[in-house]
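*Asks:* below: sequence and its predicted model.
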Amino acid sequence: MSNDFEFTLDNTSRDVECSCSPYHNTIIEMITKKAKIKEIFRHIATLGYKGKYGMVKHYVTKIKNQDKLEYNLTIKRKYIIKLIYNDLIDVKDINRELLMKVYNINPKMKLLIELMKEFKGILLKTKKEKALLNWINKAKALNIESINSFINGILNDYDAIINSLKYEISNGVVEASVNKLKLVKRIMHGRCGFGLLKSKVLRLEFLRHFN
């Protein structure tokens, strides 16, 4: 494996993952050791690979045609995003050593993840208006367009957000009921009146409690 660390942070939401992808680093390591494709195929088969030899051949050939083995440590954006909501230990696709290298290359990424975790903490734990204002000032200092847009959204709904910090009351139950009503109405294709809609919803509730 190359000593150089290079990575790309790709938006791969539409990518179809190759069956060889879970064994990518193993394949890279064997390529650098001049292993033959058949040897690579047999080795990853012992690790759980269920695909065919032709897929491995295509995968290895694609790697060898690169000027560098640069996507050895390509990180999908979804794995970085997971760090906002989960601890590192719960994100199996990234280890601490890899994350530290990413942070060294792009320190701003570390700031963004820490910033989002802090915001999450304010909403769920701290629940203090002063903490939110301090967070807004800190976020503005980064001068990142997407973060600035997010801050503008907070300021536009500032009263509602402060109320969510102050009170435990939520309209979540009401929203859930409204969504259910809309779903039932769509199923009926808007062809029936309020009376039938009411009967259908009440009937569904009766069956739900009965079961």
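*Replies:* That came in fine, so what should we check first?
*Asks:* where do the strands sit along the chain?
*Replies:* Secondary structure of the chain (DSSP state E): strands at 9-10, 75-76.
*Asks:* in terms of mean pLDDT, which of these ranks lowest?
*Replies:* Lowest mean pLDDT within the strands of the chain: strand 9-10, at a mean of 54.
*Asks:* quick one, domains of this protein?
*Replies:* Domain assignment of the chain by automatic domain parsing yields the ranges 9-101, 107-166, 172-210.
*Asks:* stretch 35-53: how far from the chain's middle?
*Replies:* Relative to its parent chain, stretch 35-53 has a centroid offset of 30 Å by C-alpha atoms, centre = their mean, to the nearest Å.
*Asks:* now do that stretch: distance from first to last residue.
*Replies:* End-to-end distance for stretch 35-53, by C-alpha to C-alpha, to the nearest Å: 15 Å.
*Asks:* got it, and stretch 152-171?
*Replies:* End-to-end for stretch 152-171, by C-alpha to C-alpha: 23 Å.
*Asks:* contact partners of that stretch?
*Replies:* The contact list for stretch 152-171 (C-beta atoms under 8 Å, 6 or more residues apart in numbering) reads 122, 123, 127, 128, 129, 132, 136. All C-beta spots, glycine's among them, are computed from the backbone N, C-alpha and C.
*Asks:* neighbours of the second one, how many?
*Replies:* Residue 123: 13 surrounding residues under other C-beta atoms under 10 Å.
*Asks:* can you check the fourth one too?
*Replies:* In terms of burial, residue 128 registers 12 neighbours under the definition other C-beta under 10 Å.
*Asks:* again, but for residue 148
*Replies:* Counted with other C-beta under 10 Å, residue 148 comes out at 13.
*Asks:* try residue 114
*Replies:* Residue 114 has 13 neighbours, counted by other C-beta under 10 Å.
*Asks:* how close does it sit to residue 99?
*Replies:* From residue 114 over to residue 99 the distance is 12 Å, taken as C-beta to C-beta, to the nearest Å.
*Asks:* stretch 42-60: how far from the chain's middle?
*Replies:* How far stretch 42-60 lies from its chain's middle: 28 Å, per C-alpha atoms, centre = their mean.
*Asks:* what do you get for stretch 90-108?
*Replies:* Remark: stretch 90-108 is offset 15 Å from the chain centroid, using C-alpha atoms, centre = their mean.
*Asks:* ok, stretch 33-40 next?
*Replies:* 34 Å.
*Asks:* report pLDDT for residue 141.
*Replies:* Here the pLDDT value assigned to residue 141 is 91.
*Asks:* the helices in this protein, which residues?
*Replies:* Taking DSSP state H, the helices of the chain run over residues 24-32, 37-46, 53-64, 77-85, 96-105, 107-121, 129-142, 145-156, 158-166, 172-187, 194-210.
*Asks:* quick one: least confident helix or strand in this structure?
*Replies:* The helix or strand of the chain with the poorest confidence is strand 9-10; it has a mean of 54 (mean pLDDT, DSSP states H and E).
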